[in-house]
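**Student:** Prediction below, plus the sequence it came from.
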Amino acid sequence: MKRRKVSIIGAGAVGATVAQHLAQKDAADIILLDVREGMSQGKGLDMLQASPVYGFNGIIEGTSDYALTSNSDVIVITAGIARKPGMSRKDLLSTNIKIMKDVITKAIEYSPEAIIIVISNPVDILTHTAYKVSGLPRNRIIGMSGTLDSIRLQSFIAQAVGVSASDVVVMVIGAHGKDNMLPLMRLANVKGIPIQELLDESTIERLEKRTREAGAEIVSLLKIGSAFYAPGAITAEMVEAILKDKKRVFSCAVFLNGEYGINDCTLAVPVVLGKEGIERILEINLTEEERMRLHAAAEDVKKTIDTIEL
Ligand SMILES: NC(=O)c1ccc[n+]([C@@H]2O[C@H](COP(=O)([O-])OP(=O)(O)OC[C@H]3O[C@@H](n4cnc5c(N)ncnc54)[C@H](O)[C@@H]3O)[C@@H](O)[C@H]2O)c1
């Protein structure tokens, strides 16, 4: 069987971590592309030399030439500048929009059939930008956002209850940012047992707050750069779900066209990931308060979208 191909645009902390996880899963051939000459080649070579340990049987190569990304099945975009302490996601906006327009155009020129996963921040806005600029159907432009927020909450609940994180199920939707994220705490459970039966109200509130602030907590500790282990790990799971047509359910940013009563805006909602990318948007019933908060998040994202030229 022909090996699949995944290109990662931006071979920084997150990009390299995605590549490492994919190599460890032997999921596909991997191209790491970066504007920083030599850096992607160095990381690619280093990872290739771990093949005997990873059980990896394919190609890992770094480059700054898009021709090497030709005919990728999946393209992961992490290119951009990362958040520094005191910097909001919106501060990154103008630079990262320019980068996204350039990257998406070149990437799909060489891989017209690829499914695109956007990671660069602000991710809701940049997923929206990628969708509009590429002209691709929305199922092929997927934002990694609620995906990460969800595994963060999952880990916090697992720690608080004292159970395996694999047995915790959560869904965090909305925009990828402290105020507009919507952790659906009423749905969180441990193997079907509502967390409300296992944790008191103040603990649940504390875990929700920590999830909202999880990105900033890491930025303030790292001092330089932002989170990359968890973002890299979960992105590799998304890639694998697409390559293996797993129909897994994640919370991903997607262009909404009337779902949840929201139009012309990109936000994280529950989706099914398979060989076509986003194969279905799962529209669930929200409480009135949740619906209001999701719409407020959409309004906020739209305000930013309205300021950019697409
Ligand atoms: N969506 C999420 O949940 C999430 C999580 C973590 C990080 N992020 C975002 O992902 C992005 C990457 O984070 P990181 O920690 O890997 O940053 P990083 O600085 O380590 O890596 C970014 C890389 O992009 C490269 N780059 C810049 N412009 C480029 C271009 N035009 N073409 C190709 N490569 C280019 C840089 O040279 C750099 O190596 C940031 O925007 C960050 O905020 C998002």
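**Tutor:** Perfect, thanks for sending it.
**Student:** By proximity to the ligand, which residue of the stretch 1-150 of the chain wins?
**Tutor:** Closest approach between the stretch 1-150 of the chain and the ligand, counting by C-beta to the nearest ligand atom: residue 12, at 1.8 Å. Bear in mind the C-beta positions are built from the backbone N, C-alpha and C, glycine included.
**Student:** send the alpha carbons of stretch 172-180 over as CSV?
**Tutor:** This file holds the C-alpha atoms of stretch 172-180, laid out as CSV (Å, rounded to 0.1, in the frame of the first residue of the first chain):
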residue,chain,number,x,y,z
VAL,A,172,-15.0,22.4,24.9
ILE,A,173,-16.4,24.5,22.1
GLY,A,174,-16.4,28.2,21.1
ALA,A,175,-13.4,30.4,20.3
HIS,A,176,-9.8,29.5,21.3
GLY,A,177,-9.3,32.2,24.0
LYS,A,178,-9.9,32.7,27.7
ASP,A,179,-13.2,34.5,27.5
ASN,A,180,-14.8,33.0,24.5
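**Student:** in that stretch, what counts as buried?
**Tutor:** For stretch 172-180, the neighbour count (16 or more other C-beta atoms under 10 Å) marks 172, 173, 174, 175, 176, 177, 180 as buried.
**Student:** From the contact counts, what lies against the longest strand that the chain contains?
**Tutor:** Longest strand in the chain, counting residues (DSSP state E): strand 263-274. Judged by 3 or more C-beta pairs under 8 Å, 6 or more residues apart in numbering; DSSP states H and E, strand 263-274 is in contact with helix 123-134, strand 141-144, helix 146-161, strand 172-174, helix 229-243, strand 248-257, strand 277-281, helix 288-305.
**Student:** what is the orientation angle of that strand with strand 248-257?
**Tutor:** Angle of strand 263-274 versus strand 248-257, following axes from the mean of the first three to the mean of the last three C-alpha atoms, to 10 degrees, is 160 degrees.
**Student:** and strand 263-274, how far out from the chain's middle?
**Tutor:** Relative to its parent chain, strand 263-274 has a centroid offset of 12 Å by C-alpha atoms, centre = their mean, to the nearest Å.
**Student:** what mean pLDDT does that strand have?
**Tutor:** Strand 263-274 comes out with an average pLDDT of 98.
**Student:** Please tell me I have it right and residue 180 contacts residue 295.
**Tutor:** No. Residue 180 sits out of contact with residue 295 when judged by C-beta atoms under 8 Å, with a separation of 10.5 Å.
**Student:** So which residues on the chain come close to the ligand?
**Tutor:** Residues of the chain lying near the ligand by C-beta under 6 Å from any ligand atom: 9-15, 34-36, 78-80, 82-83, 96, 99, 102-103, 119-121, 123, 144-145, 148, 176, 225-228, 231.
**Student:** Among those, which ones are in strands?
**Tutor:** Those of the residues of the chain next to the ligand lying in strands (DSSP E): 9, 144.
**Student:** From the residues of the chain next to the ligand, list just the buried residues.
**Tutor:** 9-15, 34, 78-80, 82-83, 96, 99, 103, 119-121, 123, 144-145, 148, 176, 225-228, 231.
**Student:** about what we covered before: ok, the buried residues of stretch 172-180 vs the ligand, which is closest?
**Tutor:** residue 176 (5.7 Å).
**Student:** Let me see the backbone angles for the nearest residue in space to residue 297 that is not next to it in sequence.
**Tutor:** Leaving aside its sequence neighbours, residue 297 sits nearest to residue 180 (C-beta to C-beta, 6 or more residues apart in numbering; 3.6 Å). Note on residue 180: its backbone torsions stand at phi -100, psi 10 [degrees, to the nearest 10].
**Student:** switch to numbering from 38
**Tutor:** Sure, I'll start counting at 38 from here, so that last one is residue 217.
**Student:** ok, the residue of the stretch 38-187 of the chain closest to the ligand touching residue 114?
**Tutor:** No. Applying C-beta under 8 Å as the test, residue 49 and residue 114 come out as separate, 11.6 Å apart.
**Student:** Could you list the low-pLDDT ranges of the protein?
**Tutor:** 119-121, 124-127 (pLDDT under 70).
**Student:** what about residue 284, how many residues close to it?
**Tutor:** Residues near residue 284, counting by other C-beta atoms under 10 Å, number 12.
**Student:** Stretch 225-241: end-to-end distance?
**Tutor:** With C-alpha to C-alpha, to the nearest Å applied, stretch 225-241 spans 10 Å between its terminal residues.
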